[in-house]
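Sequence plus the predicted model coming up.
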Amino acid sequence: MHRTGELFGQFQTLEQQKETATLGMWVFLVTEILFFGGLFLTYSINRHAYPTAFGIGGNMLDLNLGFGNTIVLIASSFTMAMSVWSAQTSHKKLVPLFLIATLALGSVFLGIKVVEYKQKFDHHLIPGHSFDITYCSNNPAACGLSGKALEDEKKEIEEGIQAEKANPNDPDANGIVALNAHAQLYFSLYFGMTGLHALHMIIGAGLLLWLIFEARKGRFDANYNTPVDNIGLYWHFVDIVWIFLFPLLYLINRHLA
Amino acid sequence: MAEHSAEHIVSPKTYAAVLTALLIGTALTVYAAKVDLGRFNIVLALTIATIKMTLVILFFMHGKYSPRRTQLVIVAGFFWLAIMLGLTLQDYSTRHAEPSRSQLNELPSSLLRRS
């Protein structure tokens, strides 16, 4: 089924064969929904337990980069959908063009993600030995912080320390230690979830490369476009995961900043 | 083409309309996040995200035009997700509050830090 558009013996029509392939892809995507669902659940429980630390962590992400990445990914879903349309209507020349556009937008997304990760590394926000939530407010020059943004962050961290001291769940809390511990929890989930999402993007980029290679031979048309369709479903699914990651990770506490 | 007559082809016009709706939704959610709505900030953010997801599934992923069987699988996936999220979160949100620090101080130390 992967190589040609011929009808295989177990199916009665090509249409039935195509529907079966789509159904199989959806069954795989359902397992992916539950896979990511477990992470969203972990995030929800921990955010419920440590709202202040999660709020501070979320406000340390770069909103402009996150917003830009959301636009880029939505645009890539559109070009992916257009490549499916091109194949379905036998516009054979357009198929690889839209696929290349999708791959290019996906690469831009990953590139922006690299810039964001590097920034978090520089700001001592990688969970582990050198994690320090107060790094930027103590070294504003190194983080390019100044004026109102700096005061806001200092105020937020001071409030976070007070909130941790008042938290009955941490009888030994001395503020900053607990805040650092819980902020690390946020950043562990941030890197875990966006990292797993990025891994899906990288796999998707590999699949797109193969599709582009095949599409350039004029392989996909109205009679046979199952690979374009199914990889399209995968790509849109990855887009949906980001549609939820963006508000949950970047936006949730902006109204308090 | 004849064998594929039943395959629904979504027009570029529809795709462009969905793209526009998704971009507007993204701008809206960023704008709304900066307005203080208290606990409704999260409700609004997740509502917008759910609407965006529904648009992607219905049109980009052809969910609206899929056979019933495929639609059932899609709905079932979210049904299981709802069980996982719903039952776990109702557990966490209805547990009794942990004892306060003064209550903890009255307990013998051997009972503390069990977890």
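Nice, I can see it.

how about the residue of chain A found nearest chain B, what does it touch?
Per CB to the nearest CB, A:V30 is where chain A lies closest to chain B, at 3.4 Å. Every C-beta, even on glycine, is put in place using the N, C-alpha and C of the backbone. By CB atoms under 8 Å, 6 or more residues apart in numbering or on different chains, the contact set of A:V30 is B:73-74, B:76-77, B:80.

can you rerun that using 10 Å?
A:237, B:73-81 (CB atoms under 10 Å, 6 or more residues apart in numbering or on different chains).

So for it, what pLDDT did the model give?
At A:V30 the predicted local confidence, pLDDT, stands at 97.

quick one: it and B:P67, what's the gap?
The spacing between A:V30 and B:P67, counted by CB to CB, to the nearest Å, is 16 Å.

From the chain's centroid, how far away is the helix or strand harbouring A:L211?
A:L211 is part of helix A:176-215, with elements assigned from DSSP states H and E. Mean C-alpha position of helix A:176-215 versus that of the full chain (CA atoms, centre = their mean, to the nearest Å) differs by 6 Å.

Then stretch A:39-57?
17 Å.

do stretch B:17-27 as well
From the chain centre to the centre of stretch B:17-27 is a distance of 17 Å (CA atoms, centre = their mean).

list the contacts for A:H123?
Applying CB under 10 Å, 6+ apart, one finds that A:H123 lies in contact with A:60, A:132-133, A:135-136, A:139, A:142-145.

Any chance of the backbone angles for it?
Taking degrees, to the nearest 10, you get phi -90, psi 10 for the backbone angles of A:H123.

B:T29 now?
In terms of degrees, to the nearest 10, the main-chain angles of B:T29 are phi -70, psi -30.

Contact partners for it?
For B:T29, the contacting residues are A:67, A:70, A:243, A:246-247, A:250-251, B:44-49, B:51-52, taking CB under 10 Å, 6+ apart as the criterion.

ok, these vs A:F121, which is closest?
A:Y250 (18.1 Å; CB to CB).

B:V30 is in contact with the closest one, correct?
Yes - counting by CB atoms under 10 Å, B:V30 is a contact partner of A:Y250 at 8.6 Å.

In three-state terms, how would A:H91 be classified?
Classification of A:H91 by DSSP: H, G, I helix; E, B strand; the rest coil places it in coil.

residue contacts, it?
Taking CB under 10 Å, 6+ apart as the criterion, A:H91 is in contact with A:82-83, A:85, A:97-98, A:221-222.

from the residues you listed, which is closest to B:G25?
For B:G25, the nearest member of these is A:M82. The distance, counting by CB to CB, is 19.6 Å.

Would stretch B:61-79 count as contacting chain A?
Yes - in this structure, stretch B:61-79 sits against chain A according to CB under 10 Å from any CB of the partner chain; the contacting residues are B:61-63, B:66-67, B:69-79.

Now do that stretch, average pLDDT.
In this model, stretch B:61-79 carries a mean pLDDT of 96.

Any buried residues in it, and which?
Along stretch B:61-79, the positions that meet the burial threshold by neighbour count (16 or more other CB atoms under 10 Å in any protein chain shown) are B:61-63, B:66, B:70, B:73-74, B:77.

just checking, which of the contacts of A:H91 belong to helices?
Judged by DSSP state H, the subset of these located in helices is A:82-83, A:85, A:97-98.
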